[in-house]
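Enquirer: Just to be clear, the model below is a prediction. Sequence and coordinates:
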Amino acid sequence: MRKAMNWFGIAGAASIFLLIVVSLYFPWWTVVVGSVDKPLAQFNTSPLSMNVTFLGQAFTFPLILAINISVIVSLLAGGIAILIYSINPTKPYAKRLLSFSYRKPLYALIIFVIGLIVTNSLVKYLAGFDVPLIGAANAATSGAIFQSLPGGVSITSVLLTSGFQWPFYLAMISAGLCIATRLYNKKVAFTPIVTGTPAQLPSNVLLVCPSAPNGES
């Protein structure tokens with residue numbers, strides 16, 4: 001009999017590994033301040049990396065970098081664990097691996113969305129305007145950031161263009177595959193009860209021999 005495998009888990013693991021690679025080069029969400037061709041500032045972010053430029057200068061933040069690295073390690077561990085589980089879903093350790101791994105992409109999505117909400121609140125407090133999650137909008141500025149630019153320049157309004165990028169939707173697919181892996185586990189890890197003594201039984205079959213009549217063994 002063919003070995004039981006959780007194909008949702010194998011696809012989920014592959015999507016996690018792909019997500020890690022592409023997220024290092026492509027953001028999940030981006031916002032451009034000013035013209036798209038010559039932006040005043042640009043913010044490219046994902047749970048795995050962040051790239052911020054302002055007036056042509058790039059900035060990094062040690063705390064954000066530490067969070068990015070921790071998410072990468074978490075997703076990598078989850079991908080490896082769910083792959084091992086998916087190849088051997090009937091092993092005694094399989095359920096523990098599944099419980100550890102299948103939530104990882106979902107947690108990354110939740111952390112990311114919460115991070116966007118918090119960042120939006122900070123921008124509103126410091127610069128005095130809301131950042132749209134999707135689309136373009138003209139925003140009036142009231143914070144000190146845009147009122148004291150180099151050369152005595154001040155900006156009273158800015159054009160904001162933002163949107164989710166394709167790796168964000170890949171993350172949603174990955175989270176869906178991992179959740180499907182957990183749901184499908186009930187089928188692949190099911191242990192049927194078989195009576196009799198067949199020559200060969202698969203590893204996920206429990207053999208029960210009927211009792212002999214009249215107490216005979």
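Expert: Great, that's in hand.

Enquirer: And the lengthiest helix in the chain, what's buried?
Expert: Counting residues, the longest helix found in the chain (DSSP state H) is helix 62-87. Within helix 62-87, the residues that count as buried by 16 or more other C-beta atoms under 10 Å are 67-68, 71-72, 74-75, 78-79, 81-87. (Each C-beta comes from the backbone N, C-alpha and C, glycine too.)

Enquirer: And stretch 14-23, by the same measure?
Expert: For stretch 14-23, the neighbour count (16+ other C-beta under 10 Å) marks 15, 16, 17, 19, 20, 22, 23 as buried.

Enquirer: Look up the closest residue to the fifth one, ignoring the ones flanking it.
Expert: With C-beta to C-beta, 6 or more residues apart in numbering as the measure, residue 75 is the residue that lies nearest to residue 20, at 5.6 Å, once sequence neighbours are left out.

Enquirer: where does the residue nearest in space to the middle of the chain land in three-state SS?
Expert: For the chain, the residue sitting closest to the mean C-alpha position, by C-alpha atoms, centre = their mean, is residue 105 at 3.3 Å. Following DSSP: H, G, I helix; E, B strand; the rest coil, residue 105 is assigned to helix.

Enquirer: check contacts around it.
Expert: Residue 105 is in contact with 12, 15, 16, 19, 75, 78, 171, 174, 175, 178, counting by C-beta atoms under 8 Å, 6 or more residues apart in numbering.
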